[in-house]
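Chemist: Turn this into a model:
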Amino acid sequence: MSERSETKARMDLLDRKILIELQDDASQSLDDIARKVGSSKTPVWNRIRKLKDAGVIRRQTVVLDPAAVGLDTCFFVLIRTSEHEAGWQQRFLAALQSRPEVLEAHRLAGEIDYIVKLRVSDARAYDAFYQALIAEVKIYNVTALLSMEELKSTTILPV
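Modeler: Predicted structure coming up:
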């Protein structure tokens, strides 16, 4: 069994309650979290530390409103490639990782090889991304899908 699946098996109800609270608002005080999960501050702090050490909690951050920071245009980019060599994949990954507008990128099974989620200011910004990407790596086909409305977006996992 992998370390991560062992960690999942070892998490109890209190760990899960703590994770729910942290996902909802990681800026809460330990006192507030402890009160909400029915424990005291020290055990909650110890559990959070253990969850971090085990890699369950990767990092703490804030969630911004994309429109408030001028990034209210969301594209999903479907990419097909005829290149599947390790060198191409490394260049492609480096190209995606160097672009701050790339929020997510996934390698897929099926007819589409990759899907990339972008947040940009407008279509011109998407085109700048596209032009930069095809200058760095050879791509067979790109389809950009403009999100007309975000119906649901969350970072909260159902633990």
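
Chemist: and the residue nearest to the spatial centre of the chain, what does it touch?
Modeler: The chain has Glu104 as the residue nearest its centroid, 5.8 Å off, counting by CA atoms, centre = their mean. Taking CB atoms under 8 Å, 6 or more residues apart in numbering, we find Glu104 in contact with 115-117. Heads up, the C-betas are built off the backbone N, CA and C, glycines and all.

Chemist: where do the strands sit along the protein?
Modeler: 73-80, 102-107, 114-120, 141-146 (DSSP state E).

Chemist: Only the buried residues of the second one, if you could.
Modeler: Going back to what we said before, that points to strand 102-107. 102, 105 (16 or more other CB atoms under 10 Å).

Chemist: one step back: which of the contacts of Glu104 count as buried?
Modeler: Here, 16+ other CB under 10 Å leaves 115-116 buried among the contacts of Glu104.

Chemist: before we move on, back to that, for Lys152, which of the strands of the chain is the nearest?
Modeler: For those, the distance to Lys152 is smallest for strand 73-80, at 12.7 Å, taking CB to CB.

Chemist: Please state the offset of the closest one from the chain centre?
Modeler: 15 Å (CA atoms, centre = their mean, to the nearest Å).

Chemist: would you list the contacts of Glu104 in a markdown table and tack on pLDDT and distance to Ile57?
Modeler: Below are the contacts of Glu104 laid out as a markdown table (pLDDT from 0 to 100; distance: CB to CB, whole Å):
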| residue | pLDDT | distance to Ile57 |
| --- | --- | --- |
| Ile115 | 98 | 26 |
| Val116 | 98 | 26 |
| Lys117 | 98 | 23 |
